[in-house]
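Enquirer: okay, predicted coordinates and the sequence, questions at the end:
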Amino acid sequence: MKLRHRTAALLATALTAVLLTGCGVRPTGVLDGGKSAGGLTTGHRLYFVSPTGRLEAVARPGTRNESIEDPNGVLKGLRVGPTQSEREVAGLTTLMGDDDGARYVAKVSDGLVYVSVSHHSLSLTTVDDRNLLGQIVCSIARSRAVLGGGKQRTEEIPVVVQTGDGRSKKYGCAEFME
């Protein structure tokens, strides 16, 4: 009796599977989804350093454009650093603290942002220097993208950094996100 019941259950399951596979959905070829979504994600962000040594963009909702029109306002946000929660939960930090002994001054000229850093020199070969430059360049570029209404992406906006030894170099955020 058990064998007959088990056989009937298996037959019913197989019949149901056959019927459901032919439920009217016809196969299609590969569909092109088009270009990936682009454009500017909304809102201002500051870039901080993660425990793994990578830059992480952190949203700053409610930031008024007036506070980031002057790039020195962005530098001030970097000096303040991540929130307590961002430090404790995500382990984020800033390399641009008030206690690092350096001065950072930004100005806008001919549509470009220039940031003077009193460090004698900064090198892309050391992780801390690279991340410090990345924090400055990416945070300022992001603020300019937000102020520009999304006409340019953060990665497309150059920032010129001038070090204490008189050297100037134009950087883009993409250089620091690799």
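Expert: Yep, that arrived.

Enquirer: past the lowest-mean-pLDDT helix or strand in the chain, which element shows up next along the chain?
Expert: Lowest by mean pLDDT, DSSP states H and E among the helices and strands of the chain is helix 2-21, with a mean of 63. The element immediately downstream of helix 2-21 (helix or strand, assigned by DSSP states H and E) is strand 45-49.

Enquirer: centre-most residue in this structure?
Expert: Note on the chain: the residue nearest the mean C-alpha position is residue 57, at 4.0 Å, using C-alpha atoms, centre = their mean.

Enquirer: and stretch 95-110, what's buried?
Expert: By neighbour count, with 16 or more other C-beta atoms under 10 Å as the criterion, the buried positions of stretch 95-110 are 95, 96, 102, 104, 106. C-beta: built from backbone N, CA, C; applies to glycine.

Enquirer: how about stretch 79-89?
Expert: Those would be 81, 82, 86, for stretch 79-89 by 16+ other C-beta under 10 Å.

Enquirer: let me know the average pLDDT across it.
Expert: Average pLDDT, stretch 79-89: 94.

Enquirer: strands of the chain, start to end?
Expert: All strands of the chain, identified by DSSP state E, fall at 45-49, 55-59, 104-109, 112-117, 159-163, 168-171.

Enquirer: residues touching residue 73, list them.
Expert: 67, 143 (C-beta atoms under 8 Å, 6 or more residues apart in numbering).

Enquirer: roughly how far apart are it and residue 155?
Expert: 21 Å (C-beta to C-beta, to the nearest Å).

Enquirer: if we can go back for a sec, out of the strands of the chain, which gets nearest to residue 131?
Expert: strand 45-49 (4.8 Å; C-beta to C-beta).

Enquirer: sweet, I'm off.
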